[in-house]
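Novice: With the input below, show me the fold.
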Amino acid sequence: MSLPSLPSPPVLSSSLQARLSTPLRIGNVEVNSRVLQSPLSGVTDLVFRRLVRRYAPDSMMYTEMVNATGLHYVKQLPRLMEIDPHERPISIQLFDCRPDFLAEAAQRAVAEGADTVDINMGCPVNKITKNGGGSSLLRQPEIAEAIVRSVVQAVKVPVTVKTRIGWSDQEINAVEFAQRMQDAGAQMLTLHGRTRAQGYNGSARWEWIARVKAALTIPVIANGDIFSVDAAVRCLEMTGADGVMCSRGTLGYPFLVGEVDHFLKTGQLRQSPTPIARLECAKDHLQMLWAYKGDRGIRQARKHMTWYAKGFVGAVELRGKLAQVETLDQGVVMLDRAIAQLAQSGWQTEEVPPQLVEI
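Specialist: Okay, the predicted model is just below:
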């Protein structure tokens, strides 16, 4: 079966193309990519980052966010902070509301090998915000500023911030908040174009990212609704941002960061992976999680495998089975059987794509 023809590529303005062809500078760190993989709780572990890096070798990766308070009370570093010394560039993301605990955690992150330290000031989850972390810091800009100053003084690597445009529609303070983070010493700011109240609902409001970009001198990275190369280009054109960060679009699709990066560097689209290629990647993901985490890895692999299984007839039934996988062999056999059936019959596009699963 022949591959579908590539769609017409989006058009990059000459000014955007010229700016994005240069490396991204985050303080004293140079990154040869303007496309970043977002930290995602329960997703961006060492295994997932390796898969993303297959297709985006130059892009900045982020660990899952690490609780600075929890880190303060343990001697052994959590596995969330485990990084491969060869997976550069890499950032460890931290969250908390205590400047001293975050400074201490940042020092441990740098000792572990982090090229930058990112402070999460955007997570909307209740269990994070009710303790003063994540996007609750949008309502406490003085504390947020103290956190950045404390961490900047504690480490020699660049300190960055990831946040949202505001707490709610009535409390949008993105520009003022971002300026305070820059003044406190942040070397880059990633802005998700939604409020905390939105969660992941509605559309990302990229116009606020444009306003923040116009107000700052440090790099601003656009985040929110980057699900394709076309979306990334439209976002960059609208916002003037210095790069984009891919988040939910990479669930079951670790190819996305590389696809966007390739287009920004070459102006050419990569051929999208077929359902067979995606299921082969799902099998790799399963086997790597098993090797890394054992039975816990199998349980974690269930959600990943269901995210990969989409875009072809029979995907709904396959997802139901993959969500109940108990062993490595069971998962491998199931995926191999699905791959063989697709290869034999020729895959057809699934009529109703699955709803994106939120985390």
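
Novice: Low-confidence stretches in this protein?
Specialist: With pLDDT under 70 as the threshold, the chain has low-confidence stretches at 1-7, 347-359.

Novice: What ranges does it have for its helices?
Specialist: 14-20, 46-55, 68-72, 99-112, 126-129, 141-154, 174-184, 206-215, 229-239, 256-266, 275-293, 295-308, 315-322, 328-345 (DSSP state H).

Novice: Ok, which of these comes nearest Gln198?
Specialist: helix 206-215 (11.8 Å; CB to CB). C-beta here means a position set from N, CA and C on the backbone, and glycine is covered the same way.

Novice: Report the buried residues of that closest one.
Specialist: Neighbour-count burial for helix 206-215 flags Trp206, Trp208, Ile209, Ala210, Arg211, Val212, Lys213 (criterion: 16 or more other CB atoms under 10 Å).

Novice: Check stretch 28-43 too.
Specialist: Using 16+ other CB under 10 Å as the test for burial, stretch 28-43 gives Val29, Val31, Ser33, Arg34, Val35, Leu36, Gln37, Ser38, Pro39, Leu40, Val43.

Novice: And stretch 177-187, by the same measure?
Specialist: Phe177, Ala178, Arg180, Met181, Gln182, Ala184, Gly185, Ala186, Gln187.

Novice: hmm, back to that, which of the buried residues of stretch 28-43 lies at the shortest distance from Ile172?
Specialist: Ser38 (21.3 Å).

Novice: how near is Gly27 to Pro57?
Specialist: 22 Å (CB to CB, to the nearest Å).

Novice: and the buried residues of stretch 28-43 as CSV, adding distance to Val117?
Specialist: Converted to CSV, the buried residues of stretch 28-43 look like this (distance: CB to CB, whole Å):
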residue, distance to Val117
Val29, 11
Val31, 15
Ser33, 19
Arg34, 20
Val35, 20
Leu36, 15
Gln37, 16
Ser38, 16
Pro39, 12
Leu40, 18
Val43, 20
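
Novice: ok, back up a step: so for Gly27 and Pro57, which sits in the more crowded spot?
Specialist: Looking at Gly27 and Pro57 with other CB atoms under 10 Å, you find the greater number of neighbours at Gly27, namely 19 against 13.

Novice: Pretty sure the more buried one sits against Pro158.
Specialist: Yes - here Gly27 reaches Pro158: they are 3.2 Å apart, a contact under CB atoms under 8 Å.

Novice: anything in contact with each of the two?
Specialist: Thr116, Gln187, Met188 (CB atoms under 8 Å, 6 or more residues apart in numbering).

Novice: Include distance to Glu317 when you put these into TSV, please.
Specialist: Putting the shared contacts of Gly27 and Pro158 into TSV (distance: CB to CB, whole Å) gives the following:
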residue	distance to Glu317
Thr116	43
Gln187	48
Met188	44
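
Novice: Residues touching stretch 165-182, excluding its own?
Specialist: 121, 135-136, 138-139, 141, 144-145, 148, 161, 163-164, 189, 191-197, 205, 208-209, 211-212, 215-218, 220.

Novice: coming back round to it: nearest to Val11 among the buried residues of stretch 28-43?
Specialist: Closest to Val11, out of all of these and judged by CB to CB, is Arg34, at 17.1 Å.

Novice: how close does that closest one sit to Gly243?
Specialist: Between Arg34 and Gly243 the computed distance is 4 Å (CB to CB).

Novice: Please apply the same query to Ser13.
Specialist: For Ser13, the distance to Gly243 equals 16 Å [CB to CB].

Novice: what about the two, which has more around it?
Specialist: Neighbour tally, Ser13 and Gly243, criterion other CB under 10 Å: the higher count belongs to Gly243, 26 against 11.

Novice: May I see the buried residues of stretch 177-187 arranged in CSV, with distance to Phe48 as well?
Specialist: Shown next, in CSV, are these (distance: CB to CB, whole Å):
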residue, distance to Phe48
Phe177, 30
Ala178, 29
Arg180, 32
Met181, 27
Gln182, 30
Ala184, 31
Gly185, 30
Ala186, 26
Gln187, 25
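
Novice: Of the residues you listed, which pair is most distant in space?
Specialist: Maximum distance among the buried residues of stretch 177-187 (CB to CB): 16.2 Å, for Phe177 and Gln187.

Novice: ok, back up a step: strands - which of the shared contacts of Gly27 and Pro158 land there?
Specialist: Among those, the members found in strands (DSSP state E) are Thr116, Met188.
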